[in-house]
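Student: missing the sequence, but the structure's below:
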């Protein structure tokens with residue numbers, strides 16, 4: 001196991017865990033499973049929020065108890081995991097079947113109910129308390145929540161009875177541990193408005209990082225890139241008032257990551273914002289790129305994952 005950590009509880013691993021290791025449960029997204037005769041015999045307990053309609057059960061992850069799995073199913077899932085690891089090296093953003101290995105000393109139904117209770121959230125940015133389905137079990141999302149979006153006590157409350165949550169992101173495996181002393185001091189797991197803004201950008205951030213040549217993503221290096229990209233997106237949304245056009249935000253993030261730009265610290269942009277009667281603000285990525293071509297580059301401050 002590597003010594004690379006964020007905070008105290010997120011640790012990068014040198015290799016994926018064995019399917020029959022010390023964990024007791026597998027968190028599966030059926031949408032990521034390839035066709036196979038055993039797929040219809042997978043079993044497991046759906047992680048269903050309270051009142052979730054039966055007609056939409058296919059959207060939910062399922063929880064499998066390793067000791068109760070048919071040996072043939074476990075053998076097939078082992079092959080799926082090995083193939084998944086190879087595919088992630090070529091395409092780190094594919095939808096994966098095995099979302100996580102979970103270690104917990106509770107019955108499978110209790111753990112499935114706990115995870116299900118976390119999948120529907122009241123949108124903190126909604127004026128009318130709109131509920132949203134939160135794919136936090138997806139490792140492409142969970143990685144960011146655990147590494148930098150949520151505080152450690154929020155992660156512990158989110159994990160609940162899970163003692164170790166092991167998942168893969170950008171081709172590497174990580175474990176999040178939730179010690180009981182953190183749980184005793186938890187303040188709730190729901191994100192605040194600022195955290196929810198970051199969470200809403202995760203898919204765009206992942207795509208930007210994956211599409212930016214030369215970025216190092218091993219051993220949690222992607223966390224600094226994610227913070228930097230989200231800060232740039234936040235700046236153009238709140239200060240330059242860009243429309244929510246995904247292509248513009250992805251192109252922006254790729255550009256600032258490649259060039260090391262810190263838009264919030266750019267003196268030229270600061271002057272523009274201080275004089276609203278002056279030249280118009282760059283309203284999209286093309287306009288910003290044209291504007292930056294005539295301005296000195298403001299490098300991003302060096303940052304390390306915290």
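Tutor: Happy to help now that I have it. Everything numeric in this text was worked out from a predicted model, so none of it was measured. Residues are numbered from 1 along each chain as shown.
Student: Could you list the low-pLDDT ranges of this protein?
Tutor: Low-confidence segments of the chain, defined by pLDDT under 70: 1-8, 20-23, 55, 178-189, 296-306.
Student: Show me the helices in it, by range?
Tutor: Here the chain has its helices, by DSSP state H, at 71-90, 108-117, 139-144, 152-159, 180-184, 193-200, 202-211, 221-238, 246-259, 267-274, 285-292.
Student: from the chain's centre, how far out does the first one sit?
Tutor: In terms of C-alpha atoms, centre = their mean, to the nearest Å, the centre of helix 71-90 is set 21 Å apart from its chain centre.
Student: what's the spacing between residue 223 and residue 119?
Tutor: The spacing between residue 223 and residue 119, counted by C-beta to C-beta, to the nearest Å, is 24 Å. Where you see a C-beta, it was placed from the backbone N, CA and C, and this is true even at glycine.
Student: circling back to that earlier point, mind giving me a markdown table with the helices of the chain and columns for mean neighbour count?
Tutor: A markdown table is the format used below for those (neighbours: other C-beta atoms under 10 Å):
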| stretch | mean neighbour count |
| --- | --- |
| helix 71-90 | 15 |
| helix 108-117 | 19 |
| helix 139-144 | 24 |
| helix 152-159 | 22 |
| helix 180-184 | 12 |
| helix 193-200 | 17 |
| helix 202-211 | 20 |
| helix 221-238 | 21 |
| helix 246-259 | 20 |
| helix 267-274 | 14 |
| helix 285-292 | 16 |
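Student: With distance to residue 15 added, can I get these in CSV?
Tutor: Below are those laid out as CSV (distance: least, C-beta to C-beta, whole Å):
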stretch, distance to residue 15
helix 71-90, 9
helix 108-117, 25
helix 139-144, 16
helix 152-159, 22
helix 180-184, 27
helix 193-200, 29
helix 202-211, 22
helix 221-238, 18
helix 246-259, 28
helix 267-274, 45
helix 285-292, 39
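Student: close enough to count as contact, residue 19 and residue 78?
Tutor: Yes - counting by C-beta atoms under 8 Å, residue 19 touches residue 78, with 4.7 Å between them.
Student: Quick check: chain neighbours aside, which residue is closest to residue 202?
Tutor: Nearest residue to residue 202, sequence neighbours excluded (C-beta to C-beta, 6 or more residues apart in numbering): residue 144, at 4.9 Å.
Student: mind listing what that neighbour touches?
Tutor: Neighbouring residues of residue 144 by C-beta atoms under 8 Å, 6 or more residues apart in numbering: 198-199, 202, 205, 226.
Student: make it 10 Å
Tutor: 136, 150, 169, 198-199, 201-203, 205-206, 222-223, 226-227, 230 (C-beta atoms under 10 Å, 6 or more residues apart in numbering).
Student: What is the most widely separated pair among those residues?
Tutor: Spanning the widest gap among the contacts of residue 144 are 136 and 227, at 19.1 Å by C-beta to C-beta.
Student: about what we covered before: what's the overlap in contacts for residue 19 and residue 78?
Tutor: Listed as contacting both residue 19 and residue 78 by C-beta under 10 Å, 6+ apart are residue 98.
Student: For residue 222, see how far away the most centrally placed residue in the chain is.
Tutor: For the chain, residue 141 is the residue whose C-alpha lies nearest the centre (C-alpha atoms, centre = their mean; 2.1 Å). According to C-beta to C-beta, residue 141 stands 14 Å off from residue 222.
Student: Please enumerate the shared neighbours of those two.
Tutor: The contact lists of residue 141 and residue 222 share 169, 206, where a contact means C-beta under 10 Å, 6+ apart.
Student: This completes my enquiry, with thanks.
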